[in-house]
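A.B. asks: structure for the following, please:
(2 chains)
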Protein chains: 2
Amino acid sequence: MITRMSSLFLRTLREDPADAEVPSHKLLVRAGYVRRVAPGGYSWLPLGLRVLRNVERVVREEMDAIGAQEIQFPALLPKEPYEATNRWTEYGPNLFRLKDRKGADYLLGPTHEELFALTVKGEYSSYKDYPVTLYQVQTKYRDEARPRAGILRGREFVMKDSYSFDLTDEGLAESYQRHREAYIRIFDRLGLDYVIVSATSGAMGGSASEEFLAVAETGEDTFVRSTESDYAANVEAVTTPAPAEQPVEDKPAAQVHHTPGTPTIGTLVDFLNQAGLGRTFTAADALKNVLVKTQRPGEEDWTLLAIGVPGDREVDLKRLEAAVAPAEVAMLEEADFARNPFLVKGYIGPGALQANGVRYLVDPRVVRGTAWVTGADKADHHVVDLVVGRDFTPDGVIDVAEVREGDPSPDGRGVLVAARGIEIGHIFQLGRKYSDAFSLDALGPDSKPIRITMGSYGIGVSRLVAVLAEQSHDERGLVWPRNVAPYDVHLVVAGKDETLLAGGEKLAGELTAAGLDVLLDDRKASPGVKFADAELVGVPTIVVVGRGLANGVVEVKDRRSGERVEVPLDGVVAHLTDLVKG
Amino acid sequence: MITRMSSLFLRTLREDPADAEVPSHKLLVRAGYVRRVAPGGYSWLPLGLRVLRNVERVVREEMDAIGAQEIQFPALLPKEPYEATNRWTEYGPNLFRLKDRKGADYLLGPTHEELFALTVKGEYSSYKDYPVTLYQVQTKYRDEARPRAGILRGREFVMKDSYSFDLTDEGLAESYQRHREAYIRIFDRLGLDYVIVSATSGAMGGSASEEFLAVAETGEDTFVRSTESDYAANVEAVTTPAPAEQPVEDKPAAQVHHTPGTPTIGTLVDFLNQAGLGRTFTAADALKNVLVKTQRPGEEDWTLLAIGVPGDREVDLKRLEAAVAPAEVAMLEEADFARNPFLVKGYIGPGALQANGVRYLVDPRVVRGTAWVTGADKADHHVVDLVVGRDFTPDGVIDVAEVREGDPSPDGRGVLVAARGIEIGHIFQLGRKYSDAFSLDALGPDSKPIRITMGSYGIGVSRLVAVLAEQSHDERGLVWPRNVAPYDVHLVVAGKDETLLAGGEKLAGELTAAGLDVLLDDRKASPGVKFADAELVGVPTIVVVGRGLANGVVEVKDRRSGERVEVPLDGVVAHLTDLVKG
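C.D. replies: Below you'll find the predicted structure:
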C-alpha cells in the first residue's frame, strides 16, 4: 500500500505544543499523530490511527492465542449493575455519569467487571461450560482529575480488558499464568522495556496481582528494582528480609538511662554517644515506636496500633495503607494522646504499649535476640539493650518501613534502586467479589452450585502508543519499533526532478507489490524539509531516492542508528523485504 | 482458524426473546450474536462481533479505495463546537448530554461535522491542500425516544461517517459522486437488496441528498418505486409530471352555481352529477383549496398559505413540511377563520384568496388551460369551468399532494408502487453550513480566502448487521451472505464416535491450512441439536462428517438452498475452497 505525502492528511509542526511536557506528547503532536479535542480527549490522525491499530493487532493475536474470546460491550451502561457492586458510589468523581431522556441513570464504563460477570451468568450454567476467558478492546472513560501528557493519561482511551472465569482457585491461577505469559509476549513483541512488579505484598496472596510497568523517567509510578537480578516491585510489595535470630542468653541486661531532652532519634543518639557508655550508637540501633490508629470498614471506633521500626527509617504511609487495607489508617491527634496518658511522647516503649493492650507490630528486622535502645515510657528516659524475646515479645511483624536505595534485594541478589514507570498492564486474581455480587454459579456434577472465581486483566492500548513514543525517540523525532510503525518504509524523493519522482513512484510500486507499506514523500518541498519530516515521523527505514538514482543506487537509512548504506536499485526490494520481514 | 463449539462462548435459544418483533432481532438474539444490556444498548458476542468486523472491513476497503483517509475522534465531546452551530440546542432530547467533574458541558457525539470541520481548519490552510476526504468508523450515540428492533435502532451504534472538503461546488459534486459509487460497491458486495432514493425534491438542488434504503417489510421508511424502472424516491422527493398546457380560448365560460350543502368534495360531486348539467363530474375535476399557515425561522407572525390540489387528493403533510422547510407549517384554527371572514369554509375559491393577498400555490396538475370546479367564496356556491390562465393565475406551483400507488413514475416509465425500507446510507451535499460556522477557508492562489464546501456521508455499520439478517434468513435461522459470514464453513461432527470426531478435527485442520475459517461443532450434543444450531447460526456452507466417513465421503450442504451433495474426502478441501473463494 502506498500513501503519498502530497495527499496525506498531515501537517507536521516545528514547535512543541504549549501544553506538552513529556516527549511522547510533544512528538506525537508535532509529527501529526494525534490532536487535542478536549481535556484528556484526543483525535487520532491517519498516522496515529495506524500505530494504534498495529498495537491492537498484536494484543488481539496474543489474546486469541490463549483462547480468549473477543466480545464487545456498550460504553454507555445502566447504573444498576454498578450499584449492585457499590462501584456507582465508590468510583466517586472519576466516573462520568449521565441521565437519559427519561431520567434514568447511566455511566460511561471505566471498566466492565459487572457486565462480564452478568453476561457469563446469562449464557452459562453448567460446570462443563467452564473455564472461559472473554475480552474486549474498547473505548473507556474516566473523569481524571488531572488528565495529562496527551494520550498517556486521557479521559477517553482504548483498553483491552479481559476476564477469566474458573471453577476453582487452581483454575484461576492457571488462567492468571496464561495471561501473564501472553502479556510478556505482547510487550516483548512491541519492543518495550518493562518490569513486572508485585502490586501487593505476600500478605494478600502471593502473586495475586502484578503490574507491568514500562520503564520511563516521566512515569507516575515509582518502583524498586534489583541491581543484579530481575527483581522489581512496587514499594508496597517489597518484602524486607529478616536477619537470623540470635540467642538471648548472653546479652547484657537492659538498663534504663536518664536521657534528658531526647524526644527524637537524633537527640537520643547524640546524647548516648556523649554519655560515655563505652560504645557508639547509630540511629539504626534505636527502636522507634510510631503510633497510629486504624478503623475497619463498618466499624465506628478507631483502634490504636503501635509500629516499631529501626530508628534510621520512617514508616512509609503508602506501605502502611496497603498493609492494613481494607482498614483505614490515620495519625494520632493531641486528643488521642490526652486520652491515653501512658503514651509518653518521644519516650514510648514496648512496656507501656503491651501493659495497656495496644497491638504492637514490629519491622521484620526486629527479630528475637536483637537488642535495642527505645523509650522507657517515662519522660527523659530510655532503655538500652532491650532484647526481643527476653524483655518483650511483639504481637507480630509489619513490613511498612520506608524502602531505600541500597537495601538488599528481597531475592538475595544485589541491592534495590529506585525507578519510575508507566503502568501498561495489570493482572489480578479478582476472586469472587463480582460472582458473589451477582450469584454467578455453575451447576456442579453433583448438582450443587459452584461459585465462579474471576481474574481481571487490563492493557492500556492507546496509552501504549504514547509509551512506545516515550521509550523510543531521539532529539529529531519518533523512532517506531518495526512491529507498530505506521509504515514499513518512508521513501523520500529528494528533489523536484521528474526523473526522481518517477523513480520514487516506480520503487514504491515495487515495494508495495512485495507486500510492504510505503509512505512516499512526493511533495514539492525541499529535501531538507522532507528529511526533517521523515526523522520526525519515525518510520524505521528511510529510503532516499536522490542523485544516486542516475548511477542506479538509492540510500537506505536506519532511523534508529542513523546508519546509511547505498543499495543498487535492482537489489533494493530484496534488501528492504529482508529488513522488514526479517 | 478453527473455533470449536465446545468452547465457543455461545448459547443458542429455542425461544424468541419476549421484546423482539422483527426477524433480525429475534434471530440475532436466538443465535447468540447479540445480547441486550440496556434499552438500545447491545453487547456483541463472538459470532456477532465477527460479522460486524466483516462489514467494517468491506466499508473500510471501499472508503480507502476512493482515497478517503481514516481518522478517529473521541465520542465524548465538548459543548462549544456544537453551540457554534446551534446543534447543542437543535438536537433536543436526542442528544446525550453530561457534565464532567468540573461542571463543564459535554455530549456524546451523534455525528461529527463540527469536529471534522475544525480539524481540517487546524491542519490545512492552502488551496493546494484540497480536496480532502476523511472518515471514521466510530461508536455514536443518540438518545432515541423509542429504541427498537435490537441493533436496528439502538442508542449506541457504529457508524462510518465521512466528510469531503472541496474548494468548489464542482469538486463537491465529484466527491459526492465518488461516495455514491463507493456506497453502491459496498452494498453490492454485502449482497443487499436496496434502492437509492432522492431524499429531497429538486427544489433543494437536484441530487444534493440521497438515501440508500434496504428493502424490508419491517422498515420504518416508506418510499415509492417504479414498476418498470429503477426509479425510487421518498414521497417527499417525488415530482409530479405536469400535463401539457392547453389553449384557454375555446373553453366554456365560468358559471357560478348554487350548490347548497356541498362543503366537501363528495357532496359537491354528488350534487353536480344530479344537477343535470349534461356531463359527469369526478372528484378529480374539483380544485380543493387547503389553507395552512407558515412561519419562517426567526419570525413571530404566521402567514396564510393556500394550496390548490385536485379534489381526489389530500395534501401530504410530510411533503408539505419538506416543501416549506425551513419554515414551520400549521393548520388553521377557528380563530384564523374568524380573523379572515373572506375565507368561506367549504367554498373557498381563488378569487377571494388573491383579492385578499393570500399566497396561492397549486399542484403541478393545475396547468394553464385546465378547467376546474371550485369554491365561489360564498356559502353554498361553487364555480364550474374556472380556467387557469384565463379566470385566475396561481402564484406558483407546490408539489405536496399525496402520492398514490398507480401514479405515473416521474421518469415516464411504469407507475409507482409503495414500499418500505431501512436507511443504511445517506449522502448529502452539505455545502457551506459548517465551514461558515467555523470560517473554514483555504488561501487561494491569489491570496484570497476560498470558503470550503463540504459533503457528509454516513453508513449505519452496526445496523447493517441487522439489515443483512432481515433480508437474509428463513424460518430455520440466519443465512449470511458469504462476504460477512462469521465463518466460511460450519463443520458438524454428526455423532459421538471418536472416529467421527477425529475425522472432523482432521478436516478442520486441512481447511484451516487452506485459509478457511472453520466453526467445528465438536460438542457431545445429538446430531439433531447440532443441525438445528447450524441452521440457526447461518454459516453459508455446512459440512457434515457422519456415517459416510467410513466410505470416505462427507456431506456439503448449502445453507440457503438446502441443496446437499456428497463429496469424497480427498476432494473436499478443493471443493470448499472453490465454493468460498470462487
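A.B. asks: OK, now which residue of chain A is nearest to chain B?
C.D. replies: Residue nearest to chain B within chain A: A:L98 (3.6 Å; C-beta to the nearest C-beta). For the C-beta atoms, the positions are set from N, CA and C on the backbone; glycine is no exception.
A.B. asks: quick check: phi and psi at A:L430.
C.D. replies: Backbone dihedrals for A:L430, given as degrees, to the nearest 10, come out at phi -70, psi -30.
A.B. asks: beta partners of the spatially most central residue of chain A?
C.D. replies: Nearest to the mean C-alpha position of chain A, counting by C-alpha atoms, centre = their mean, stands A:E423 at 2.6 Å. For A:E423, the beta-bridge partners under DSSP bridges are A:L213.
A.B. asks: okay, it: pLDDT?
C.D. replies: At A:E423, the model reports a pLDDT of 93.
A.B. asks: give me the neighbour count for the nearest residue to A:D391 once chain neighbours are set aside.
C.D. replies: Among residues not flanking A:D391 along the chain, A:A254 sits closest, at 5.2 Å (C-beta to C-beta, 6 or more residues apart in numbering or on different chains). By the criterion of other C-beta atoms under 10 Å in any protein chain shown, A:A254 has 18 neighbours.
A.B. asks: got it, and A:I398?
C.D. replies: When neighbours are counted by other C-beta under 10 Å, A:I398 registers 24.
A.B. asks: separation between it and B:Y127?
C.D. replies: Going from A:I398 to B:Y127 by C-beta to C-beta, to the nearest Å gives 71 Å.
A.B. asks: would you confirm that the residue of chain A closest to chain B contacts A:Y106?
C.D. replies: Yes - between A:L98 and A:Y106 there is a contact under C-beta atoms under 8 Å: 5.3 Å.
A.B. asks: need the three-state assignment for A:F271.
C.D. replies: At A:F271 the chain is in helix, as set by DSSP: H, G, I helix; E, B strand; the rest coil.
A.B. asks: quick check: which ranges of chain A have low pLDDT?
C.D. replies: Residue ranges of chain A with pLDDT under 70: A:200-207.
A.B. asks: domain assignment for it?
C.D. replies: A:2-73+A:112-238+A:417-469, A:255-397, A:487-581 (automatic domain parsing).
A.B. asks: closest one to B:G40 among those domains?
C.D. replies: Nearest of these to B:G40, taken as C-beta to C-beta: domain A:2-73+A:112-238+A:417-469 at 13.7 Å.
A.B. asks: what's the end-to-end length of that closest one?
C.D. replies: End-to-end distance for domain A:2-73+A:112-238+A:417-469: 24 Å, by C-alpha to C-alpha, to the nearest Å.
A.B. asks: then stretch A:479-494?
C.D. replies: End-to-end distance for stretch A:479-494, by C-alpha to C-alpha: 21 Å.
A.B. asks: next, the buried residues of it.
C.D. replies: Across stretch A:479-494, burial judged by 16 or more other C-beta atoms under 10 Å in any protein chain shown covers A:479-482, A:484-494.
A.B. asks: one more: stretch A:410-421?
C.D. replies: Residues of stretch A:410-421 classed as buried: A:P410, A:L416, A:A419, A:G421 (neighbour count, 16+ other C-beta under 10 Å).
A.B. asks: please save the CA atoms from it in CSV.
C.D. replies: Presented in CSV, the C-alpha positions along stretch A:410-421 are these (Å, rounded to 0.1, in the frame of the first residue of the first chain):
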residue,chain,number,x,y,z
PRO,A,410,14.5,-9.5,48.7
ASP,A,411,15.7,-12.2,46.3
GLY,A,412,19.1,-12.0,47.9
ARG,A,413,20.8,-10.8,44.7
GLY,A,414,22.1,-7.2,44.5
VAL,A,415,20.6,-4.2,46.1
LEU,A,416,17.5,-2.1,45.3
VAL,A,417,17.5,1.1,43.3
ALA,A,418,14.5,3.3,42.7
ALA,A,419,13.0,3.7,39.2
ARG,A,420,9.9,5.2,37.6
GLY,A,421,7.5,3.6,35.3
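A.B. asks: what are the contacting residues of that stretch?
C.D. replies: If you take C-beta atoms under 8 Å, 6 or more residues apart in numbering or on different chains as the criterion, stretch A:410-421 is touched by A:194-195, A:197, A:213-229, A:231-233, A:238-241, A:403-409.
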